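Peer 1: from the sequence below, what's the structure:
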Amino acid sequence: MSRSKVPLAIGLAAAGGIGYYFYSAGGSPRAAEKQFESDAQHVAAKVKGEVPHRSTDAEQQGRKVGQEIGAKVDSAVETVNRDISKAKSETESHAKAAKADALKKIDEFDRKVEDSAAKGKSYLSSWFGSK
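Peer 2: Coordinates of the predicted model:
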């Protein structure tokens, strides 16, 4: 009960930031990464303009943070792609099974209709005396 909620808040903020960049980039991970790097450079330039003696530190830290977040974004994209391909293969197998089952039911129905038609034909033929 006394666990800190700071890691949860940081995690939610990071997920929100990643979601923002993905959304604004239209779901493209490369475009999201480029946009994040652009924003990081913009922030670094602002810091550099405001604090000239810390410009190299801020720039290096910005690059480091950008690389870390880029790696996390790439990892998340790989995980999502892996999950999507797994779901796709499962869906395809279910679709094939459903198709096979439907074809089997259609064949059974067709056989029953043909058998009934043959019985009906022989019954009518017996009324009129043809053999």
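Peer 1: show the backbone phi and psi for Ser28.
Peer 2: phi -90, psi 120 (degrees, to the nearest 10).
Peer 1: tell me how many other residues crowd it.
Peer 2: For Ser28, the neighbour count with other CB atoms under 10 Å is 13. All C-beta atoms are positioned from the backbone trio N, CA, C, and that covers glycine.
Peer 1: ok, now which ones touch it?
Peer 2: Contacts for Ser28 (CB atoms under 8 Å, 6 or more residues apart in numbering) come out as none.
Peer 1: just the helices from this protein, written as ranges.
Peer 2: 6-24, 29-50, 55-128 (DSSP state H).
Peer 1: tell me which of those helices is the most buried.
Peer 2: helix 29-50 (a mean of 15; mean count of other CB atoms under 10 Å).
Peer 1: could I get the helices of the chain in TSV, plus columns for mean pLDDT?
Peer 2: Output for the helices of the chain, formatted as TSV (pLDDT from 0 to 100):
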stretch	mean pLDDT
helix 6-24	83
helix 29-50	82
helix 55-128	87
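Peer 1: grab the most central residue of this structure for me.
Peer 2: Computing the C-alpha centroid of the chain and ranking residues by CA atoms, centre = their mean puts Ile84 first, at 4.5 Å.
Peer 1: how close does that residue get to Thr91?
Peer 2: Counting by CB to CB, to the nearest Å, the gap from Ile84 to Thr91 is 10 Å.
Peer 1: what of Gly17?
Peer 2: From Gly17 to Thr91 the distance is 31 Å (CB to CB).
Peer 1: now swap in Gln35 and tell me
Peer 2: Gln35 sits 32 Å away from Thr91, going by CB to CB.
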